[in-house]
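K.L.:
Predicted coordinates and the sequence they were generated for:
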Amino acid sequence: MAIVLSYYGNRESDAALDQAVRVASWMRTSLMIVVASHECGGTFADENSAEAHLWDRLDGSEVSFEVMRCRRDMSMAETVLDWARRIDADMIVIGLRPGGSKSATIGNTATQILLDAPCPVMTSSWRFEDVNA
């Protein structure tokens, strides 16, 4: 079993990655990181750039991880949910934009994962203070 992480390469995903690494270490499990391609809404122009960013972020981490790419024939949410089911995931971790007002909404990918997940879902977001750290 493992923790599945939805990764876009943005601040929200980096915050979720940090949280997923902490939880995976505590649970003594591994990470399966699903990287969004540009077509799936990812920040990077291609998956190779996103993976290079991930390797830099995870350098020195003691948590084992595997990187998968968003499937071309599926949405990001469908790919994350598919992997969670395949590996009988302990948890899915996703990043959300900070908010909290009445008008704040979450995206389609997060909504689908939250509603259809076969396991618990942890959300994480960056805080303004994190930008200045």
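P.N.:
The structure has been received and is ready for your questions.
K.L.:
following the longest helix seen in the chain, which helix or strand shows up next?
P.N.:
Identified as the longest helix of the chain according to DSSP state H is helix 11-27. For helix 11-27, the succeeding helix or strand toward the C-terminus, using DSSP states H and E, is strand 30-35.
K.L.:
That following strand: partners in the sheet, and parallel or antiparallel?
P.N.:
strand 2-7 (parallel), strand 65-69 (parallel) (DSSP bridges).
K.L.:
Worst mean pLDDT among these?
P.N.:
For the strands paired with strand 30-35, the weakest mean pLDDT is recorded on strand 65-69, namely a mean of 89.
K.L.:
In that one, which residues are buried?
P.N.:
Using 16 or more other CB atoms under 10 Å as the test for burial, strand 65-69 gives Phe65, Val67, Met68, Arg69. All C-beta spots, glycine's among them, are computed from the backbone N, C-alpha and C.
K.L.:
Export the residues you listed to TSV and append columns for distance to Trp83.
P.N.:
Rendered in TSV, the data for these read as follows (distance: CB to CB, whole Å):
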residue	distance to Trp83
Phe65	13
Val67	11
Met68	6
Arg69	11
